[in-house]
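Novice: Structure for this input, please:
(chains A and B)
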Amino acid sequence: MTAVESSPRAAHRLRHDQVDTRVSLSADPSQPLQLANPIVTASGCFGSGRELERFFDISGLGAVVVKSLTVEPRDGLPTPRMAETASGMLNAIGLQNPGIEQWVATELPWLHELGVPVIVSIAGKTVAEYRELAEHLRDQPGVVAIEANISCPNVEDRNVVFACRQDATRKAIQQVTSVADVPVFAKLSPDVTDIVTIAMAAVAGGATGVSLVNTLLGMAIDAESRRPKLAAVTGGLSGPAIKPVALRAVHQVHQALPDLPIIGMGGVSSVTDVVEFLLAGASAVAVGTATFANPMVSLEVTQGLPRWCAERGIATVAELRGALLW
Amino acid sequence: MSSSRGRASSVQGRANGPLRVLCEVLSYRRIGNYHSLTFVAPEMAERAKPGQFVSVGVEGDGTLLRRPFSIYAISRHGPWAGTIEIVFDVVGPGTRYLSKLAKHDAVDIVGPLGRPFPMPQQAVDCLLVGGGYGAAPLLFLAQRLQQSSLRVNIVLGAATQNRLFNIIEAKRLSAKSAFTTEDGSFGTPGRVTDVLDRMLAGGTVGVVYACGPMPMLAAVTAIARDHKIAVQVAVEEAMACGVGVCMTCVLPVRRDGRTVNLRACVEGPVFNGKKILWAQLGQPPVMQMATGDDAFAKGPVVTAVVEPRS
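Specialist: Below you'll find the model as predicted:
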């Protein structure tokens, strides 16, 4: 055998710049959304963008998903707000943010000038607040999509999280889609019995797609002090610990709704993590908690994905979507 | 997180600001009850100032997050070009990992992070007050103050003698020094605050720099206020990212007539002690964060070194 014959893969190897990394996040021809690559940031894990721009040029990311914005400025919860757990962490920040008005005035223009597509995460306490938030984002240059964070307590329904009820999900999303002039993604909680029915409710509300998954509600206790480790007692679990749960959710929703664009996330810290989410059915993949451990990780993954594909002769990233063999 | 062994010395980052560097460990040693790690990082050493910190990648036991440590010492010259030294106490799996590193091992460092101690604008005497290994960044600062021909006095306190950090170095770097231990095993029995009035007598001290546990910083600030002296404190706050994105390490600070929830990692760890609302620590915050360029405004700022004990 010659050297070439002994390595069949080599015959199909590509250069990394030959790989087409573009992905589509909207099947709706009236509101198309294409990203240059599938790597986005998970809301709450990338600050305003300025913090990481100090480390690298963030304009090469597929999109930046900003920290959730609320109608009023929010001060957040008392400290301690974080507890490291096995292969993960709990956080209870309480949506600390400057409020959507100030964000639109000071942060959005800066991001737009960088040229990075912006997906704006919004969080409401009531159905009406979701509409109000979406109204602030109409005709805003740079905003390519809205991610409705509906893993928030609904004050009109005994603080039950919107994303835990089909009707609340549909109503909240409907309010956003009724005024939004960009695609809308519903960010769903994995803390439900059947995430497919919630995804269907989001679609019924007009969502372009879904973001899967938000953190899992968790708790950590200090045995010596007998106290919860978080001031808020409970918090959201993120990091590698939740990746299997997230992959399962993406897979289930993709199987039930194969045309629905999905932004997958949960414990992504490497190129192979990204590929796994694509195979499960995600069209784009968000890097979250991994950024806390390595501020460069989203850039590394963005650069590493086409190399991974090229080495395997995969010409388009899009062909990995839902390509799970089972 | 850092599956980076064997690739020591790759540098990521921009011309200014923090870097991520895979560094080679130059030495690991014990300093009294504490541990010290010196690693080769010329570009980072060039940028580092007293009061700033680095965050260090750790592995094993399901650890995920970096561990922040004040910079204790830097060398910009010599056969190793540029090194940074940090000091730590073994309190959990992350610091246990660090305590097992040896010369030539690779270690993943991000830094320098945070705002440094502001240097005095006038020729005043400086009083440095450290609790436990909170002394580490102050000894770095003491060197710089001495280089600026300023008179440095140092007070170090700890629960017991072997928790006092580097007594010899503190004596060498100061005109006047005092030590306190709660069990009376070394120096004056009691706490650092018990000797501050004596160290401030004479009225030549123009600024107090402090680093240590929060209650100590609050008490030192109160005494500095009584003496109408400026006080800069390096706070210890638990942090996840160290670079300003996670919003974990916030504390309430007065700024421009209102209370803002500032991040110890980027707006600190050095703060004007009189601006911190000590009584509100751990209470629900009352105002919104600063945004935009304001959040990175130049100005006074110290140490942020609490490791999750999980």
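
Novice: In the stretch 101-250 of chain A, which residue sits closest to chain B?
Specialist: Relative to chain B, the nearest point of the stretch 101-250 of chain A is residue A:106 (4.2 Å; Cβ to the nearest Cβ). C-beta coordinates here come from the backbone N, C-alpha and C atoms, glycine included.

Novice: where along the stretch 201-310 of chain B do the helices fall?
Specialist: Counting by DSSP state H, counting those that start in this stretch, the segments of the stretch 201-310 of chain B that form helices are B:214-226.

Novice: so where's it uncertain?
Specialist: Applying pLDDT under 70 to the stretch 201-310 of chain B picks out residues B:282-310.

Novice: switch the cut-off to 50
Specialist: Residue ranges of the stretch 201-310 of chain B with pLDDT under 50: B:285-310.

Novice: Break down it into its strands, ranges please.
Specialist: Assigned by DSSP state E, counting those that start in this stretch, the stretch 201-310 of chain B shows strands spanning B:205-211, B:230-234, B:250-255, B:258-263, B:270-272.

Novice: Single out the most deeply packed of these.
Specialist: Counting by mean count of other Cβ atoms under 10 Å in any protein chain shown, strand B:230-234 has the highest mean neighbour count of the strands of the stretch 201-310 of chain B, with a mean of 28.

Novice: and it, which strands flank it?
Specialist: Strand B:230-234 has its sheet partners listed here by DSSP bridges as strand B:205-211 (parallel), strand B:270-272 (antiparallel).

Novice: which residues are contacting that strand?
Specialist: If you take Cβ atoms under 8 Å, 6 or more residues apart in numbering or on different chains as the criterion, strand B:230-234 is touched by B:51, B:70, B:117-118, B:134, B:137, B:206-211, B:217, B:220-221, B:224-225, B:268-274, B:276, B:300-304.

Novice: Equivalent analysis for stretch A:151-158, please.
Specialist: A:95, A:123-127, A:159-163, A:165, A:168, A:187-189, A:214-215.

Novice: 6 Å instead?
Specialist: By Cβ atoms under 6 Å, 6 or more residues apart in numbering or on different chains, the residues outside stretch A:151-158 that reach it are A:123, A:125, A:126, A:159, A:160, A:161, A:162, A:163, A:168, A:189, A:214.

Novice: Filter the residues you listed down to the ones in helices?
Specialist: Secondary structure from DSSP state H places residue A:168 of those in helices.

Novice: Could you pick out the buried ones from the contacts of stretch A:151-158?
Specialist: A:123, A:125, A:126, A:161, A:162, A:163, A:168, A:189, A:214 (16 or more other Cβ atoms under 10 Å in any protein chain shown).

Novice: Does stretch A:299-319 reach chain B?
Specialist: No: using Cβ under 6 Å from any Cβ of the partner chain, stretch A:299-319 stays clear of chain B, with a minimum separation of 8.3 Å.

Novice: Let me see the contact set for residue B:89.
Specialist: B:34, B:133.

Novice: per-residue pLDDT, it?
Specialist: Reading off the confidence values, residue B:89 has pLDDT 93.

Novice: still on that earlier bit, okay if I get the buried ones among the contacts of stretch A:151-158 as CSV plus distance to residue A:230?
Specialist: Formatted as CSV, those follow (distance: Cβ to Cβ, whole Å):
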residue, distance to residue A:230
A:123, 19
A:125, 21
A:126, 26
A:161, 17
A:162, 22
A:163, 21
A:168, 25
A:189, 18
A:214, 17
